[in-house]
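Participant: got a structure for you, letters missing:
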């Protein structure tokens, strides 16, 4: 049984590592374990002394927004030698530590595995030196911390999402200056053996060309690139963006240098080319909401695995696969992670791509479609596919429209946009969508087509049928939330008597509320979540001014996704959810807990309230109640975030999700049109992959009265959020533990 554990961060730093450390420390303390923090990675483990310190509950307070790792990380040549590892074991044994949690990449995880494997022999050596007691084995659990996203056993590593956000933000910023000067930029991202950042950054940033290590280039690849850029400039696109991973290679295996790319483009095209090497800026800054939540979930799972460990030594990594926490043996993680690099070194690029997975391959193919100067196929003339964005706007809608439309055009199908959603279908208000114009829609906020809430009446449905027949609409891709789904249901119900409505339809989930059935994430919810978390981070900056409680109201309608996940990512002490409601007894408990928190030394407490958590216990009511019961111990303020949650350019997550869903919607539409099928399909992301469902199945998964799905995966994280955000389990009135 594990009684004491140590946590460390190793290798390159990654945003979100602090969230992982916080989760490990607080979960372990909550389980009654002694916890130590190892400073400066394996070097600190070898050095011992002050490098290995006990960790208390409050030692990890306030670190969620901080980038990097407050424990520090360093390379250790001493740990590579057996004598150095003996020193590490000596220090662990002296403190009675029998478990180690390591957050890092494949090298860090390999070091942990070796240490655990050698443990018995090191203990035997120490016993000969006079050490009487030592744990018979060292349990080791790894957390994937690498911005390259090159670790087997997890769909995403800690830090990847933040790095992607930095990349797409940089491309957005560079695009504006490139347009001003008609320049072409070459942007280098990290990724020695993994092109994930470059590939997804190019997709989310709308780049003109991308070069990654996993793709084999033909001998004349640079001719193709220069011709494509030359054609783009000729048709009125004077600024271009070329994204290259640092590990991209020539056909002969030699590395492609950014200065070399600059020279090729400048000499062949006679254009102004600038190079931007993003470098370590990709690692920096506050972690995104996704990375905080990922690290927290994995940190808690690591401790739970150790608490439940038996006599057999645990040597595993916890990762997230299909949105579920899984355990993978460390050696399997290391061997399969390093296998991709070996395949690339040997020139087996096809095998390297297969190891990356189907999603990587499909994204590479999608990029090739989107970087075309014009569609591959000639346009058919017999009717068009209509695209609309319905209900409330959501960041990423423009991305989905752009990708879906261009994928349809590439297959030869004409496309039109519907202005103002279903009002546009009623009035026959369409706008042409042009290939070259759509390339600039990827990073635009809101929806350029317009979104207008309107519930279709029987008369409206009749007029929609007339519009579809008059304008020869062959299919419909509807991007939106619950209201959009319900309007499509109204059209489908009338299709037997109004034959014009019997057309193929694909529904794409897009709403910040994340309240749709059939999908774990909707387009827009990640951007909204980041907006909320950033706002809370700024509220916390005022913590030193005076003792305050903030009641922050967030959107979400009947879904508590935004409130709960924002609480988990920001460290908010409470989240009032519509799924649970609010009771008077609960409010009494919260008042008591609030008073105790401030007596224990807290200077700020954040309570989050979903806008529909309760009809009567409003944000104003709760703030007045807390103020009345404060008795001068603290002040109370409210913050209603409102529409700033919808604002801003879409996050990298939302752009990538919208791109994948847009291309999938186009693929399904093309298949139905070619087979003369008139199905009504709904897209959803479950786990890592996209799935397609018949509309009838999706309707069975929603509670119409409550306005949310019957099953909501995120609610299982409620207890975790509450446990990690509370004040120290044991404290005195002076605030110490």
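Facilitator: That came through, no problem. On a predicted model such as this, the values are computed, not experimentally measured, just so you know. Numbers count the residues shown, from 1 in each chain.
Participant: let me know the next secondary structure element after the helix or strand harbouring residue 350.
Facilitator: Assigned by DSSP states H and E, residue 350 belongs to helix 349-356. For helix 349-356, the succeeding helix or strand toward the C-terminus, using DSSP H and E, is helix 358-370.
Participant: so what angle separates the directions of that following helix and helix 349-356?
Facilitator: 120 degrees (axes from the mean of the first three to the mean of the last three CA atoms, to 10 degrees).
Participant: which secondary structure elements does helix 358-370 sit against?
Facilitator: Contacts defined by 3 or more CB pairs under 8 Å, 6 or more residues apart in numbering; DSSP states H and E place helix 358-370 against helix 196-205, helix 349-356, helix 397-410, helix 652-674. Any C-beta I mention is one placed from the backbone N, CA and C, and that applies to glycine too.
Participant: can I get these in CSV with mean neighbour count?
Facilitator: Shown next, in CSV, are the helices and strands packed on helix 358-370 (neighbours: other CB atoms under 10 Å):
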stretch, mean neighbour count
helix 196-205, 28
helix 349-356, 18
helix 397-410, 27
helix 652-674, 24
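Participant: could I get these as JSON lines with distance to residue 616 and mean pLDDT?
Facilitator: Shown next, in JSON lines, are those (distance: least, CB to CB, whole Å; pLDDT from 0 to 100):
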{"stretch": "helix 196-205", "distance to residue 616": "43", "mean pLDDT": "95"}
{"stretch": "helix 349-356", "distance to residue 616": "52", "mean pLDDT": "91"}
{"stretch": "helix 397-410", "distance to residue 616": "34", "mean pLDDT": "97"}
{"stretch": "helix 652-674", "distance to residue 616": "34", "mean pLDDT": "97"}
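Participant: among those helices, which is nearest residue 469?
Facilitator: helix 652-674 (16.9 Å; CB to CB).
Participant: show residues contacting the helix or strand following that closest one.
Facilitator: Next helix or strand after helix 652-674 toward the C-terminus (DSSP H and E): strand 680-686. Contacts with strand 680-686, where a contact means CB atoms under 8 Å, 6 or more residues apart in numbering, come from 322-323, 485, 488, 492, 504-509, 516-521, 657, 660-661, 664-665, 668, 672, 690-695, 698.
Participant: list the strands paired with the helix or strand that strand 680-686 is followed by, with their directions.
Facilitator: Following strand 680-686 in sequence order, the next helix or strand is strand 689-694 (DSSP H and E). Strand 689-694 has the following strand partners under DSSP bridges: strand 680-686 (antiparallel).
Participant: buried stuff in the partner strand?
Facilitator: Buried residues in strand 680-686, counted by 16 or more other CB atoms under 10 Å: 680, 681, 682, 683, 684, 685.
Participant: bridging residues for the fourth one?
Facilitator: When assigned by DSSP bridges, residue 683 has beta-bridge partners residue 692.
Participant: and it, how far from residue 477?
Facilitator: For residue 683, the distance to residue 477 equals 10 Å [CB to CB, to the nearest Å].
Participant: shared neighbours of these two, which are they?
Facilitator: Shared contacts of residue 683 and residue 477, counting by CB under 8 Å, 6+ apart, come down to 506, 508, 665.
Participant: do you know the pLDDT at the second one?
Facilitator: Confidence at residue 508, expressed as pLDDT, is 98.
Participant: can you name the residues that contact it?
Facilitator: So residue 508 contacts 400, 404, 477, 478, 479, 480, 523, 661, 662, 665, 683 (CB under 8 Å, 6+ apart).
Participant: isn't the fifth one right next to residue 386, touching?
Facilitator: It refers to residue 479. No - contact criterion CB atoms under 8 Å: residue 479 and residue 386 do not qualify, at 11.3 Å.
Participant: between those two, who's got more neighbours?
Facilitator: residue 479 (34 against 24; other CB atoms under 10 Å).
Participant: help me confirm that the more buried one is found in a strand?
Facilitator: Yes - assessed by DSSP: H, G, I helix; E, B strand; the rest coil, residue 479 belongs to a strand.
Participant: please name the nearest non-neighbouring residue to it.
Facilitator: Excluding its sequence neighbours, the residue lying closest to residue 479 (CB to CB, 6 or more residues apart in numbering) is residue 508, at 4.3 Å.
Participant: which helix or which strand is home to that neighbour?
Facilitator: Going by DSSP H and E, residue 508 is in strand 505-509.
Participant: just want the angle from the following helix or strand past that strand to strand 505-509.
Facilitator: Tracing the chain past strand 505-509, the next element assigned as helix or strand by DSSP H and E is helix 525-540. Computed by the same axes, to 10 degrees, the angle separating helix 525-540 from strand 505-509 equals 20 degrees.
Participant: among the helices and strands of the protein, which has the poorest mean pLDDT?
Facilitator: strand 702-703 (a mean of 86; mean pLDDT, DSSP states H and E).
Participant: that strand: partners in the sheet, and parallel or antiparallel?
Facilitator: Short version: by DSSP bridges, strand 702-703 pairs with strand 708-709 (antiparallel).
Participant: and the next element down the chain from the strand it pairs with?
Facilitator: With DSSP H and E, the next secondary element past strand 708-709 is helix 718-725.
Participant: what's the closest non-adjacent residue to the residue most central in space within the chain?
Facilitator: Centroid-nearest residue in the chain, with CA atoms, centre = their mean: residue 290, separated by 4.4 Å. Spatial nearest neighbour of residue 290, excluding adjacent residues (CB to CB, 6+ apart): residue 161 at 4.1 Å.
Participant: and the helix or strand containing the one you found with helix 525-540, angle?
Facilitator: Using DSSP H and E, residue 161 maps to helix 160-181. Interaxial angle, helix 160-181 versus helix 525-540 (the same axes, to 10 degrees): 100 degrees.
Participant: other SSEs contacting helix 160-181?
Facilitator: Using 3+ CB pairs under 8 Å, 6+ apart, helix 160-181 is in contact with strand 184-189, helix 196-205, strand 240-245, helix 289-307, helix 652-674.
Participant: ok now that helix, how far from the chain's centre?
Facilitator: 17 Å (CA atoms, centre = their mean, to the nearest Å).
Participant: likewise stretch 406-423?
Facilitator: 28 Å.
Participant: okay, buried residues for it please.
Facilitator: For stretch 406-423, by 16+ other CB under 10 Å, it's 406-411, 413-423.
Participant: hang on, the earlier thing: return the member of the contacts of residue 508 nearest to residue 258.
Facilitator: residue 662 (30.3 Å).
Participant: mind listing what that closest one touches?
Facilitator: 399, 400, 401, 402, 403, 404, 407, 508.
Participant: what's the answer for residue 96, then?
Facilitator: 3, 4, 34, 135 are the contacts of residue 96 under CB under 8 Å, 6+ apart.
Participant: give me the beta-bridge partners of residue 104?
Facilitator: Beta-bridge partners of residue 104, as defined by DSSP bridges: residue 144.
Participant: who's in contact with the least confident helix or strand of the chain?
Facilitator: 516, 517, 708, 709, 710.
Participant: kindly give a single PyMOL line that selects the buried subset of those.
Facilitator: Listed next is the PyMOL selection for buried residues among the contacts of strand 702-703, using 16+ other CB under 10 Å:
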select buried, resi 516+517+708+709
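Participant: picking that back up, relative to helix 652-674, how tilted is the helix holding residue 161?
Facilitator: Going by the same axes, to 10 degrees, helix 160-181 makes 80 degrees with helix 652-674.
Participant: could you give the angle of helix 160-181 to helix 289-307?
Facilitator: Using the same axes, to 10 degrees, helix 160-181 lies at 160 degrees relative to helix 289-307.
Participant: buried residues, helix 160-181. List them.
Facilitator: Applying 16+ other CB under 10 Å to helix 160-181 flags 160-172, 174-175, 178 as buried.
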